[in-house]
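> give me a 3D structure for the following:
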Amino acid sequence: EPPPAAARRHTLRRARPRFRVRTMPLADDDGLISGLTEEQLITNEEMDGLVKEAIEQTVGTNAFMHTKVNQWTSNVVEGCLKRLAGLQKPFKYVCTCNFVQKAGAGMHTASTALWDGKVDGKHTVQWENQTIQCICTVYWLAI
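Purely as a prediction, here's the structure:
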């Protein structure tokens, strides 16, 4: 004769683990990292070169001119995004750029995000010449 229903429920509850701890490996069984191959990922070194190239092509050795800051900012952001699109990687990108005149004042910036740390990322480049300080940040998120 089967045990009463209350006893069966108690037995089932005790058989289940109370807490489940799951560790996630870096690569899946098929060698993918969150669905991407290693070649599809973006490295900070790759991003650093790309952003510096966009800034240097836009500003170069120019001195700070307030009237050119809007154009420089647009050109750097567009230059970064065009270079990123040229990589043909499965990511969406966000790019920010700030220019200030070097006049002895400090410039502070902060950001945070919640994402898949294995494939998504953020890279900030600080660039300067004699009269200009630029901080450019690029975020990439897998699609």
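> CA only for contacts and neighbour counts going forward, please
Will do.
> any regions of the protein where pLDDT drops low?
1-30 (pLDDT under 70).
> can you map out the helices along this protein?
Per DSSP state H, the chain carries helices over the ranges 5-15, 44-58, 69-86.
> export the ones you listed to CSV and append columns for mean neighbour count.
Formatted as CSV, the helices of the chain follow (neighbours: other CA atoms under 10 Å):
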stretch, mean neighbour count
helix 5-15, 10
helix 44-58, 16
helix 69-86, 17
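> so which of these is nearest T124?
helix 44-58 (7.9 Å; CA to CA).
> Throw the helices of the chain into TSV and include distance to L32, thanks.
Formatted as TSV, those follow (distance: least, CA to CA, whole Å):
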stretch	distance to L32
helix 5-15	34
helix 44-58	20
helix 69-86	22
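> what's the closest of those to F99?
Nearest to F99, of the helices of the chain and by CA to CA, is helix 69-86 at 6.8 Å.
> helices or strands up against that closest one?
helix 44-58, strand 91-101 (3 or more CA pairs under 8 Å, 6 or more residues apart in numbering; DSSP states H and E).
> identify whichever of the ones you listed lies nearest to A142.
strand 91-101 (4.3 Å).
> I'd like to know which elements that closest one is packed against.
Packed next to strand 91-101, using 3+ CA pairs under 8 Å, 6+ apart, are helix 69-86, strand 132-142.
> now do that strand against helix 44-58, angle only.
Orientation note: strand 91-101 sits at an angle of 50 degrees relative to helix 44-58 (axes from the mean of the first three to the mean of the last three CA atoms, to 10 degrees).
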